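S.K.: quick one, structure for this:
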Amino acid sequence: MSGTFGIPMPMLRILDSLSDPGNAARRNEDTAGGNAACAFVIDGATGLGGKPLLDATSDAAWLAVFAAHVFEAEIGTANPIADVVRNVNTRVQQRIVEVAAGEIVEAWALPTASFQLARMEGRELTVYGLGDCRLFLAGSDGTAFETNGDYSKAESEGARRAVAQAGGLAAWRSLAEEPVVREALRRSRARHNQPGGTVWTLGSAPDAAAHLSVRRLNPGLPARGLLCTDGFSALADKYGRYDGARLIRAASERGLAALMAELRHIEREEDPDGQQYPRFKVSDDATAVLFEIIA
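M.R.: Got it, this is the predicted structure:
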(Lines give C-alpha, C1' and ligand atoms only; values in the text may rest on other atoms or scores of the structure.)
Protein backbone atom coordinates (compact mmCIF):
# COMPACT_ATOMS: atom_id res chain seq x y z
CA MET A 1 0.00 0.00 0.00
CA SER A 2 1.28 3.48 -0.85
CA GLY A 3 0.51 6.73 0.87
CA THR A 4 0.83 10.33 -0.23
CA PHE A 5 3.27 10.84 -3.11
CA GLY A 6 3.79 7.11 -3.45
CA ILE A 7 5.60 6.67 -0.09
CA PRO A 8 4.92 3.11 1.09
CA MET A 9 2.66 2.86 4.12
CA PRO A 10 3.73 0.55 6.95
CA MET A 11 2.11 -2.87 6.95
CA LEU A 12 1.47 -5.38 9.74
CA ARG A 13 2.21 -9.01 8.96
CA ILE A 14 1.63 -12.03 11.24
CA LEU A 15 4.72 -14.24 11.51
CA ASP A 16 3.67 -16.93 13.99
CA SER A 17 0.72 -17.75 16.23
CA LEU A 18 -0.03 -20.46 18.76
CA SER A 19 -2.79 -21.26 21.26
CA ASP A 20 -2.51 -24.04 23.82
CA PRO A 21 -5.09 -25.18 26.40
CA GLY A 22 -3.97 -25.14 29.99
CA ASN A 23 -5.79 -28.42 30.65
CA ALA A 24 -6.15 -31.03 27.90
CA ALA A 25 -9.41 -32.19 29.47
CA ARG A 26 -11.06 -28.78 29.01
CA ARG A 27 -11.76 -26.59 26.02
CA ASN A 28 -9.30 -23.85 25.17
CA GLU A 29 -11.02 -20.58 26.07
CA ASP A 30 -8.40 -18.47 24.26
CA THR A 31 -8.30 -17.71 20.58
CA ALA A 32 -6.33 -15.55 18.17
CA GLY A 33 -6.78 -14.25 14.68
CA GLY A 34 -6.32 -11.47 12.20
CA ASN A 35 -7.03 -10.24 8.73
CA ALA A 36 -5.42 -7.86 6.25
CA ALA A 37 -5.95 -4.97 8.69
CA CYS A 38 -5.26 -6.31 12.18
CA ALA A 39 -4.06 -9.02 14.55
CA PHE A 40 -5.58 -9.90 17.92
CA VAL A 41 -5.78 -12.30 20.86
CA ILE A 42 -8.89 -13.04 22.96
CA ASP A 43 -8.96 -14.61 26.43
CA GLY A 44 -12.30 -15.99 27.59
CA ALA A 45 -12.87 -15.90 31.36
CA THR A 46 -13.48 -19.40 32.71
CA GLY A 47 -16.98 -19.87 34.12
CA LEU A 48 -17.50 -19.82 37.88
CA GLY A 49 -19.78 -22.77 38.41
CA GLY A 50 -23.06 -21.59 37.01
CA LYS A 51 -25.21 -23.32 34.44
CA PRO A 52 -23.82 -22.85 30.91
CA LEU A 53 -25.90 -20.47 28.85
CA LEU A 54 -24.49 -20.47 25.33
CA ASP A 55 -22.48 -23.66 25.02
CA ALA A 56 -22.71 -27.00 26.79
CA THR A 57 -18.97 -27.12 27.50
CA SER A 58 -17.83 -23.50 27.87
CA ASP A 59 -19.53 -20.15 27.48
CA ALA A 60 -16.10 -18.50 27.57
CA ALA A 61 -14.88 -20.55 24.61
CA TRP A 62 -18.09 -19.79 22.71
CA LEU A 63 -17.64 -16.06 23.32
CA ALA A 64 -13.96 -16.07 22.30
CA VAL A 65 -14.71 -17.84 19.02
CA PHE A 66 -17.76 -15.68 18.28
CA ALA A 67 -15.84 -12.46 18.90
CA ALA A 68 -12.93 -13.65 16.75
CA HIS A 69 -15.26 -14.36 13.84
CA VAL A 70 -16.83 -10.91 14.12
CA PHE A 71 -13.44 -9.19 14.38
CA GLU A 72 -12.12 -10.95 11.28
CA ALA A 73 -15.27 -10.24 9.31
CA GLU A 74 -15.90 -6.64 10.33
CA ILE A 75 -12.62 -4.90 11.15
CA GLY A 76 -11.21 -2.97 8.22
CA THR A 77 -8.41 -0.45 7.91
CA ALA A 78 -10.32 2.52 9.29
CA ASN A 79 -13.71 1.64 10.81
CA PRO A 80 -14.08 2.39 14.53
CA ILE A 81 -13.12 -0.57 16.72
CA ALA A 82 -15.60 0.65 19.32
CA ASP A 83 -18.42 0.03 16.84
CA VAL A 84 -17.28 -3.56 16.32
CA VAL A 85 -17.00 -4.18 20.07
CA ARG A 86 -20.47 -2.70 20.63
CA ASN A 87 -21.84 -4.98 17.93
CA VAL A 88 -20.24 -8.07 19.49
CA ASN A 89 -21.59 -7.28 22.95
CA THR A 90 -25.04 -6.32 21.71
CA ARG A 91 -25.39 -9.59 19.83
CA VAL A 92 -24.16 -11.60 22.83
CA GLN A 93 -26.56 -9.74 25.09
CA GLN A 94 -29.45 -10.54 22.76
CA ARG A 95 -28.44 -14.20 22.63
CA ILE A 96 -28.33 -14.44 26.43
CA VAL A 97 -31.81 -12.92 26.73
CA GLU A 98 -33.08 -15.50 24.24
CA VAL A 99 -31.58 -18.56 25.92
CA ALA A 100 -32.28 -17.41 29.49
CA ALA A 101 -36.01 -17.29 28.62
CA GLY A 102 -36.85 -15.04 31.54
CA GLU A 103 -34.62 -16.72 34.13
CA ILE A 104 -32.37 -14.48 36.19
CA VAL A 105 -28.68 -14.86 35.32
CA GLU A 106 -26.27 -13.92 38.10
CA ALA A 107 -23.80 -11.21 37.10
CA TRP A 108 -20.85 -13.51 37.85
CA ALA A 109 -22.29 -16.14 35.49
CA LEU A 110 -22.29 -13.89 32.42
CA PRO A 111 -19.59 -14.84 29.89
CA THR A 112 -16.74 -12.33 29.52
CA ALA A 113 -13.46 -12.11 27.65
CA SER A 114 -10.43 -9.86 27.43
CA PHE A 115 -8.81 -8.88 24.15
CA GLN A 116 -5.89 -6.95 22.67
CA LEU A 117 -5.87 -5.91 19.02
CA ALA A 118 -3.24 -4.13 16.93
CA ARG A 119 -3.96 -2.26 13.69
CA MET A 120 -1.87 0.02 11.49
CA GLU A 121 -3.62 3.35 11.10
CA GLY A 122 -1.58 5.41 8.72
CA ARG A 123 1.94 5.38 10.13
CA GLU A 124 0.86 4.62 13.69
CA LEU A 125 0.30 1.28 15.32
CA THR A 126 -2.93 1.64 17.28
CA VAL A 127 -3.59 -0.89 20.03
CA TYR A 128 -7.08 -1.49 21.40
CA GLY A 129 -8.09 -3.62 24.33
CA LEU A 130 -10.35 -4.55 27.19
CA GLY A 131 -9.09 -6.55 30.15
CA ASP A 132 -5.71 -8.12 30.78
CA CYS A 133 -4.25 -9.29 27.46
CA ARG A 134 -0.82 -7.86 26.66
CA LEU A 135 1.27 -6.34 23.89
CA PHE A 136 5.06 -6.24 23.85
CA LEU A 137 6.58 -4.17 21.04
CA ALA A 138 10.19 -3.48 20.04
CA GLY A 139 11.28 -0.98 17.39
CA SER A 140 14.47 -1.11 15.35
CA ASP A 141 15.59 2.13 17.03
CA GLY A 142 15.65 0.44 20.45
CA THR A 143 12.28 1.77 21.59
CA ALA A 144 10.15 -0.66 23.59
CA PHE A 145 6.49 -0.51 24.54
CA GLU A 146 4.13 -2.71 26.51
CA THR A 147 0.53 -2.56 27.63
CA ASN A 148 -1.42 -3.69 30.71
CA GLY A 149 1.45 -4.34 33.09
CA ASP A 150 -0.67 -3.26 36.07
CA TYR A 151 -3.19 -6.05 35.50
CA SER A 152 -0.62 -8.79 36.09
CA LYS A 153 0.54 -7.23 39.37
CA ALA A 154 -3.00 -7.03 40.74
CA GLU A 155 -3.80 -10.62 39.74
CA SER A 156 -0.62 -11.96 41.34
CA GLU A 157 -1.65 -10.53 44.70
CA GLY A 158 -5.09 -12.13 44.45
CA ALA A 159 -3.53 -15.45 43.46
CA ARG A 160 -1.15 -15.31 46.43
CA ARG A 161 -4.10 -14.99 48.82
CA ALA A 162 -5.99 -17.77 47.02
CA VAL A 163 -3.05 -20.19 47.17
CA ALA A 164 -2.67 -19.50 50.89
CA GLN A 165 -6.42 -20.08 51.43
CA ALA A 166 -6.43 -23.36 49.49
CA GLY A 167 -3.05 -24.61 50.70
CA GLY A 168 -1.64 -24.82 47.20
CA LEU A 169 -2.69 -26.21 43.83
CA ALA A 170 -2.12 -29.89 44.63
CA ALA A 171 -5.73 -30.53 45.60
CA TRP A 172 -7.28 -28.00 43.21
CA ARG A 173 -6.14 -27.89 39.62
CA SER A 174 -8.09 -24.65 39.47
CA LEU A 175 -8.48 -22.66 42.68
CA ALA A 176 -11.83 -21.42 41.37
CA GLU A 177 -13.15 -24.81 42.53
CA GLU A 178 -12.23 -24.13 46.18
CA PRO A 179 -15.43 -22.80 47.81
CA VAL A 180 -14.05 -19.72 49.59
CA VAL A 181 -11.89 -18.70 46.63
CA ARG A 182 -14.78 -19.28 44.23
CA GLU A 183 -17.06 -16.97 46.20
CA ALA A 184 -14.40 -14.25 46.21
CA LEU A 185 -13.95 -14.63 42.47
CA ARG A 186 -17.71 -14.44 41.95
CA ARG A 187 -17.90 -11.19 43.90
CA SER A 188 -15.07 -9.77 41.83
CA ARG A 189 -16.56 -10.93 38.50
CA ALA A 190 -19.94 -9.44 39.41
CA ARG A 191 -18.33 -5.98 39.57
CA HIS A 192 -17.20 -6.17 35.94
CA ASN A 193 -19.03 -4.09 33.33
CA GLN A 194 -20.84 -1.99 35.92
CA PRO A 195 -21.35 1.79 35.80
CA GLY A 196 -18.50 3.44 37.66
CA GLY A 197 -16.47 0.25 37.54
CA THR A 198 -12.91 -0.13 36.32
CA VAL A 199 -13.07 -3.48 34.49
CA TRP A 200 -14.89 -3.74 31.17
CA THR A 201 -14.81 -6.70 28.83
CA LEU A 202 -16.14 -8.37 25.75
CA GLY A 203 -19.40 -10.08 26.70
CA SER A 204 -22.94 -8.82 27.14
CA ALA A 205 -22.44 -5.13 28.04
CA PRO A 206 -22.62 -2.88 24.96
CA ASP A 207 -21.43 0.05 27.10
CA ALA A 208 -18.00 -1.59 27.31
CA ALA A 209 -17.30 -0.12 23.86
CA ALA A 210 -16.98 3.30 25.49
CA HIS A 211 -14.22 2.05 27.80
CA LEU A 212 -11.67 0.71 25.32
CA SER A 213 -8.03 1.14 26.16
CA VAL A 214 -6.36 2.82 23.16
CA ARG A 215 -2.60 3.34 22.63
CA ARG A 216 -1.04 4.96 19.58
CA LEU A 217 2.58 3.93 19.07
CA ASN A 218 5.33 4.95 16.67
CA PRO A 219 8.11 2.35 16.85
CA GLY A 220 11.16 2.56 14.64
CA LEU A 221 10.65 0.35 11.61
CA PRO A 222 11.00 -2.48 11.05
CA ALA A 223 9.39 -3.41 14.38
CA ARG A 224 8.24 -6.63 15.96
CA GLY A 225 5.42 -7.19 18.39
CA LEU A 226 3.91 -9.95 20.49
CA LEU A 227 0.22 -9.99 21.38
CA CYS A 228 -0.56 -12.49 24.13
CA THR A 229 -3.08 -13.58 26.70
CA ASP A 230 -2.01 -13.50 30.34
CA GLY A 231 -1.42 -17.25 30.28
CA PHE A 232 1.46 -16.68 27.85
CA SER A 233 2.71 -13.34 29.18
CA ALA A 234 3.30 -15.18 32.48
CA LEU A 235 6.76 -16.00 31.10
CA ALA A 236 7.56 -12.34 31.73
CA ASP A 237 4.97 -11.22 34.27
CA LYS A 238 4.85 -14.14 36.72
CA TYR A 239 7.92 -16.25 36.10
CA GLY A 240 10.41 -13.49 35.28
CA ARG A 241 12.21 -15.41 32.55
CA TYR A 242 12.12 -12.52 30.06
CA ASP A 243 11.48 -8.85 29.70
CA GLY A 244 9.40 -7.67 26.76
CA ALA A 245 12.26 -7.17 24.31
CA ARG A 246 13.88 -10.51 25.11
CA LEU A 247 10.53 -12.29 24.86
CA ILE A 248 10.03 -10.88 21.35
CA ARG A 249 13.58 -11.87 20.40
CA ALA A 250 13.11 -15.40 21.71
CA ALA A 251 9.81 -15.77 19.85
CA SER A 252 11.50 -14.59 16.65
CA GLU A 253 14.58 -16.80 16.98
CA ARG A 254 13.19 -19.95 18.62
CA GLY A 255 9.50 -19.84 17.71
CA LEU A 256 6.39 -19.73 19.86
CA ALA A 257 6.24 -23.51 20.24
CA ALA A 258 9.59 -23.52 22.06
CA LEU A 259 8.42 -20.77 24.40
CA MET A 260 5.18 -22.62 25.07
CA ALA A 261 7.17 -25.72 26.02
CA GLU A 262 9.28 -23.62 28.41
CA LEU A 263 6.13 -22.12 29.93
CA ARG A 264 4.54 -25.52 30.56
CA HIS A 265 7.76 -26.94 32.03
CA ILE A 266 7.84 -24.14 34.61
CA GLU A 267 4.20 -24.75 35.57
CA ARG A 268 4.11 -28.54 35.54
CA GLU A 269 7.63 -29.51 36.55
CA GLU A 270 9.22 -26.64 38.46
CA ASP A 271 6.21 -25.30 40.41
CA PRO A 272 3.10 -27.47 40.04
CA ASP A 273 1.77 -26.49 43.48
CA GLY A 274 1.89 -22.73 42.89
CA GLN A 275 4.04 -21.95 45.91
CA GLN A 276 6.90 -20.28 44.03
CA TYR A 277 4.66 -18.59 41.47
CA PRO A 278 1.17 -18.12 42.96
CA ARG A 279 -1.60 -18.46 40.37
CA PHE A 280 -5.18 -19.66 40.11
CA LYS A 281 -4.46 -22.69 37.90
CA VAL A 282 -1.52 -25.01 37.38
CA SER A 283 -1.61 -23.94 33.73
CA ASP A 284 -3.82 -21.33 32.10
CA ASP A 285 -4.78 -21.33 28.44
CA ALA A 286 -1.97 -19.51 26.63
CA THR A 287 -2.04 -17.73 23.28
CA ALA A 288 0.40 -15.52 21.38
CA VAL A 289 0.70 -13.84 18.00
CA LEU A 290 4.09 -12.66 16.73
CA PHE A 291 3.95 -9.94 14.09
CA GLU A 292 6.20 -7.50 12.29
CA ILE A 293 5.64 -4.00 10.94
CA ILE A 294 7.52 -3.12 7.79
CA ALA A 295 7.54 0.03 5.68
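
S.K.: how close does residue 169 get to residue 69?
M.R.: 34 Å (CB to CB, to the nearest Å). Where you see a C-beta, it was placed from the backbone N, CA and C, and this is true even at glycine.

S.K.: more neighbours: which of those two?
M.R.: Each of residue 169 and residue 69 has its neighbours counted (other CB atoms under 10 Å); residue 169 has more, 24 against 13.

S.K.: give me the element that one is part of.
M.R.: Using DSSP states H and E, residue 169 maps to neither a helix nor a strand.

S.K.: how about the contacts made by it?
M.R.: For residue 169, the contacting residues are 163, 175, 272-274, 279, 281-282, by CB atoms under 8 Å, 6 or more residues apart in numbering.

S.K.: please, a PyMOL command that selects the buried ones among those residues?
M.R.: To isolate the buried subset of the contacts of residue 169 in PyMOL, counting by 16 or more other CB atoms under 10 Å, use the following:
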select buried, resi 163+175+272+274+279+281+282
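
S.K.: which one of the contacts of residue 169 is nearest to residue 213?
M.R.: The shortest gap between residue 213 and any of these belongs to residue 279, at 23.4 Å (CB to CB).

S.K.: ok but that closest one is inside a strand, no?
M.R.: No - counting by DSSP: H, G, I helix; E, B strand; the rest coil, residue 279 is not part of a strand but coil.

S.K.: so it touches residue 237, yeah?
M.R.: No - using CB atoms under 8 Å, residue 279 makes no contact with residue 237, being 10.4 Å away.

S.K.: shared neighbours, those two?
M.R.: residue 156.

S.K.: ranges for the helices of this protein?
M.R.: Ranges of helices in the chain, per DSSP state H, are 59-74, 81-100, 149-166, 179-190, 230-237, 244-254, 256-265.

S.K.: tell me who's in contact with residue 97.
M.R.: Residue 97 neighbours (CB under 8 Å, 6+ apart): none.

S.K.: also residue 50?
M.R.: Going by CB under 8 Å, 6+ apart, residue 50 touches 105-106, 108-109.

S.K.: check residue 58 too.
M.R.: When the contact criterion is CB under 8 Å, 6+ apart, the partners of residue 58 are 26-27, 29, 44, 46-47, 52.

S.K.: you'd agree residue 129 is up against residue 212?
M.R.: Yes - contact criterion CB under 8 Å: residue 129 and residue 212 qualify, at 7.0 Å.

S.K.: what about the two, which has more around it?
M.R.: Between residue 129 and residue 212, counted using other CB under 10 Å, residue 129 has the larger neighbour count: 24 against 17.

S.K.: still on that earlier bit, out of the helices of the chain, which gets the lowest mean score?
M.R.: Comparing mean pLDDT over the helices of the chain, the weakest stretch is helix 149-166, at a mean of 75.

S.K.: how far off helix 244-254 does that helix point, in degrees?
M.R.: Per axes from the mean of the first three to the mean of the last three CA atoms, to 10 degrees, the angle that helix 149-166 makes with helix 244-254 is 90 degrees.

S.K.: ok, now which ones touch residue 52?
M.R.: Residue 52 neighbours (CB under 8 Å, 6+ apart): 58-59.

S.K.: state the distance from it to residue 96.
M.R.: With CB to CB as the criterion, residue 52 and residue 96 are 11 Å apart.

S.K.: residue 133 against residue 148, yeah?
M.R.: Yes - at 6.8 Å, residue 133 and residue 148 qualify as touching, with contact defined as CB under 8 Å.

S.K.: distance of residue 192 from residue 260?
M.R.: With CB to CB as the criterion, residue 192 and residue 260 are 28 Å apart.

S.K.: correction: residue 294
M.R.: 26 Å.

S.K.: between those two, which one's more packed in?
M.R.: More neighbours surround residue 260 than the other of residue 294 and residue 260, with 19 against 12 (other CB under 10 Å).

S.K.: now that one: closest residue in space, sequence neighbours ignored.
M.R.: Distance criterion CB to CB, 6 or more residues apart in numbering; nearest residue to residue 260, sequence neighbours excluded, is residue 20 at 5.3 Å.

S.K.: so the one you found bridges to which residues?
M.R.: For residue 20, the beta-bridge partners under DSSP bridges are residue 286.
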